[in-house]
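Participant: Build the 3D model from these lines:
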Amino acid sequence: MEPLIRVSGLRYRYDDGAQALDGVDFLLYPRETVALLGPNGSGKTTFLLHLVGLLTGEGEVEVCGLAVKRKNLTVIRQKVGILFQDSDDQLFMPTVFDDVAFGPLNLGLDRVEVERRVHECLHQVGMEAAASRAPYHLSAGEKRRVALAGVLAMNPEILLLDEPVTFLDPPGRAALVDILHRLPQAKIIVTHDMDLARELASRAVFFSEGRAASSGPVDEVIGRFQWDTRVLTR
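Facilitator: Predicted coordinates for the structure are as follows:
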């Protein structure tokens, strides 16, 4: 089976000289869910941003057979959807319907197809009844589900999820986890939530100081490291 994402020798240094990624190799296969674990500042989110060309480092990054280069970014960004940690970074239109419709409209799809996608994706995340509401009136969990609907409306093959359950209360978390379980797309989940990693992922990769220091079954990777609320150490 050919991987959907292939990364080899990825290195990235910030403008201040700090090494954010230091030779990362990574593969993601169809329908696979991989959790990225590790302390803050270990390179997890920086790694995600390279997969859609928001950052460019040294090494090779390939998504769905396409090198992540400027000429391929339009296609790649249709194949890869990102759910950011803060839903307010993704919700900016007057109504929920308009937010979910924004991406498909920018693809040039006709209004009938756009409306079909909006209703289908809002139904998928259990938010169809909120279509006419203003996003800022929603709870954190509802905002996260609407933001996810906006991502799904682009028909991505891969989902990148950056701390998806942060700020969610237990019911909101449970609702989102149930939705993510049912989605067929391959997923990469950046998380500090070990329970979430166990619930959703079949494999984990532990990032440390910009390197993919360990990879394997979730419990096996977690067992190699000591969990602290602020930092993960050897």
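Participant: Please count neighbours and contacts with C-alpha atoms only from this point.
Facilitator: OK.
Participant: Quick check: Ala149 vs Arg111, distance?
Facilitator: When distances are taken as CA to CA, to the nearest Å, Ala149 and Arg111 turn out to be 17 Å apart.
Participant: Oops, could you answer that again for Tyr29 instead?
Facilitator: To Arg111, Tyr29 is 34 Å away according to CA to CA.
Participant: Out of the two, name the residue with the larger neighbour count.
Facilitator: Neighbour totals were compared for Tyr29 and Arg111, and Tyr29 leads with 16 against 12 (other CA atoms under 10 Å).
Participant: Next, the contact list for the more buried one, please.
Facilitator: Met1, Glu2, Pro3, Leu4, Ile5, Ala186 (CA atoms under 8 Å, 6 or more residues apart in numbering).
Participant: Of those, which count as buried by neighbour count?
Facilitator: Neighbour-count burial within the contacts of Tyr29 applies to Leu4, Ile5, Ala186; the criterion is 16 or more other CA atoms under 10 Å.
Participant: Turn the residues you listed into TSV, including distance to Met93.
Facilitator: As requested, the buried ones among the contacts of Tyr29 are arranged in TSV below (distance: CA to CA, whole Å):
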residue	distance to Met93
Leu4	32
Ile5	31
Ala186	28
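Participant: Return the subset of the residues you listed lying in strands.
Facilitator: Of those, the ones assigned to strands by DSSP state E are Ile5, Ala186.
Participant: Closest one of the buried ones among the contacts of Tyr29 to Leu83?
Facilitator: Relative to Leu83, the closest of those is Ala186; by CA to CA it sits at 13.5 Å.
Participant: Give me the distance between the residue nearest to the closest one when sequence neighbours are not counted and Ser208.
Facilitator: Taking CA to CA, 6 or more residues apart in numbering, and ignoring the residues beside it in sequence, Ala186 has Arg31 as its nearest neighbour in space, at 4.2 Å. Separation of Arg31 from Ser208 (CA to CA): 26 Å.
Participant: Those two: which is more packed in?
Facilitator: Ser208 (23 against 14).
Participant: Identify the bridge partners of the more buried one.
Facilitator: Per DSSP bridges, residues listed as beta-bridge partners of Ser208: Arg211.
Participant: Next up, the contacts around it.
Facilitator: Counting by CA under 8 Å, 6+ apart, Ser208 makes contact with Gly38, Pro39, Ser42, Gly43.
Participant: Quick check: which element contains the third one?
Facilitator: With the criterion set as DSSP states H and E, no secondary-structure element contains Ser42; it sits in neither a helix nor a strand.
Participant: was I right about Pro156 contacting Ile82?
Facilitator: No: distance between Pro156 and Ile82: 9.5 Å, which falls outside the contact criterion (CA atoms under 8 Å).
Participant: if you count what's nearby, which of these two comes out ahead?
Facilitator: Neighbour tally, Pro156 and Ile82, criterion other CA under 10 Å: the higher count belongs to Ile82, 24 against 17.
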